[in-house]
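Q: compute the structure for the input listed below.
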Amino acid sequence: MREVITKAKLEKMAADRKEIVFPVGTILTQAARDWAREKGIKLGFLREQDSAPVREAGKEKEVKRAIVTVLGYDRVGIIAAVAGVLAGVNVNILDISQTVLQDFFSMIMIVDLSQCRVDFATLRKMLEDKGEEMELNITLQHEDIFRYMHRV
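A: Numbering: from 1, shown residues only. Reported below is the predicted structural model:
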């Protein structure tokens, strides 16, 4: 569901900020836009691209996204184990979705590799090794390859 930003909500968010960046799909009311213009606050939206800029405290960093998929029999600790591997090499989890169908666990994560301390191939191997250890199938793909493979 898209988030709607009203004037009241924007006033609470602003707190001496000169710029606010929202995810794509966020809806800003006209009153919110007018109020931001009056206060000199610049409003922006992230782009839905592989290297979308993310603004943090006036800085821009490039996001290098990848897709992690996990499949196998459900058991305690799967999410913790995968997240532990990612955290250990400074990979940020941007989004996560998981489900259990009968006894089968499936999870997909969108991760940011821009601050990762190892190269892509090493991270892929680390995740595959964790998958073998836990009897799971864990894969890592660049986002653009994933999008290309799963287009209609």
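Q: mind listing what N137 touches?
A: Contact analysis of N137 by C-beta atoms under 8 Å, 6 or more residues apart in numbering lists 69-72, 131. Backbone N, C-alpha and C define where each C-beta goes, glycine included.
Q: ok, I5 next?
A: 13, 22, 26-29, 32 are the contacts of I5 under C-beta under 8 Å, 6+ apart.
Q: which of the contacts of N137 ranks first by neighbour count?
A: With neighbours taken as other C-beta atoms under 10 Å, the top of these is V70, carrying 22 neighbours.
Q: now do the strands in this protein.
A: Here the chain has its strands, by DSSP state E, at 4-5, 19-22, 27-28, 42-45, 53-56, 59-62, 65-73, 92-101, 104-112, 136-142.
Q: please point out which parts of the longest one sit buried.
A: I take that to be strand 92-101. Within strand 92-101, no residue is scored as buried using 16 or more other C-beta atoms under 10 Å.
Q: one more: the second one?
A: When neighbours are counted by 16+ other C-beta under 10 Å, the buried residues of strand 19-22 are found to be 20-22.
Q: JSON lines for the strands of the chain, including mean pLDDT and distance to A121?
A: Putting the strands of the chain into JSON lines (pLDDT from 0 to 100; distance: least, C-beta to C-beta, whole Å) gives the following:
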{"stretch": "strand 4-5", "mean pLDDT": "80", "distance to A121": "41"}
{"stretch": "strand 19-22", "mean pLDDT": "78", "distance to A121": "32"}
{"stretch": "strand 27-28", "mean pLDDT": "78", "distance to A121": "41"}
{"stretch": "strand 42-45", "mean pLDDT": "78", "distance to A121": "33"}
{"stretch": "strand 53-56", "mean pLDDT": "45", "distance to A121": "25"}
{"stretch": "strand 59-62", "mean pLDDT": "48", "distance to A121": "20"}
{"stretch": "strand 65-73", "mean pLDDT": "94", "distance to A121": "12"}
{"stretch": "strand 92-101", "mean pLDDT": "93", "distance to A121": "19"}
{"stretch": "strand 104-112", "mean pLDDT": "95", "distance to A121": "15"}
{"stretch": "strand 136-142", "mean pLDDT": "93", "distance to A121": "9"}
